[in-house]
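*Asks:* Next one to model:
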Amino acid sequence: MQTNIVKVIEKNVYGTPKLYPFNEEAQLFTQFLQRTTLTLRDITYIKKLGFKVIQVMYNGDIYVQVKEL
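*Replies:* Predicted coordinates for the structure are as follows:
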């Protein structure tokens, strides 16, 4: 398991895209920030800390990697 990868999943909440944690590393960041979602500003700082941020999405019955943020 690579610990320097943060995975998030985007969900649409009332027309607003939100980034939710998908793996343990992303969950640790949301706990540290005392929030349930991450913002694009958070992602920028996470990347500056040396983490790779990956967006995943649900494709029917499996989760697939979409893109690197």
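*Asks:* For the one helix or strand D42 maps to, list every residue counted as buried.
*Replies:* Following DSSP states H and E, one finds D42 within helix 40-48. Within helix 40-48, the residues that count as buried by 16 or more other CB atoms under 10 Å are 42-43, 46. C-beta here means a position set from N, CA and C on the backbone, and glycine is covered the same way.
*Asks:* how distant is that helix from the center of its chain?
*Replies:* A distance of 10 Å separates the centroid of the chain from that of helix 40-48, by CA atoms, centre = their mean, to the nearest Å.
*Asks:* Repeat that for stretch 11-28.
*Replies:* With CA atoms, centre = their mean, you get 6 Å for stretch 11-28.
*Asks:* got it, and stretch 5-17?
*Replies:* Taking mean C-alpha positions (CA atoms, centre = their mean), stretch 5-17 and its chain are 8 Å apart.
*Asks:* per-residue confidence averaged over that stretch?
*Replies:* Mean pLDDT, stretch 5-17: 93.
*Asks:* Make residue 1 into 3 and carry on from there
*Replies:* With 3 as the first residue, the last one maps to stretch 7-19.
*Asks:* Buried residues, that stretch. List them.
*Replies:* 8-11.
*Asks:* ok, now which ones touch K49?
*Replies:* 55, 71 (CB atoms under 8 Å, 6 or more residues apart in numbering).
*Asks:* 6 Å - rerun?
*Replies:* Shown in contact with K49 (CB atoms under 6 Å, 6 or more residues apart in numbering): V55.
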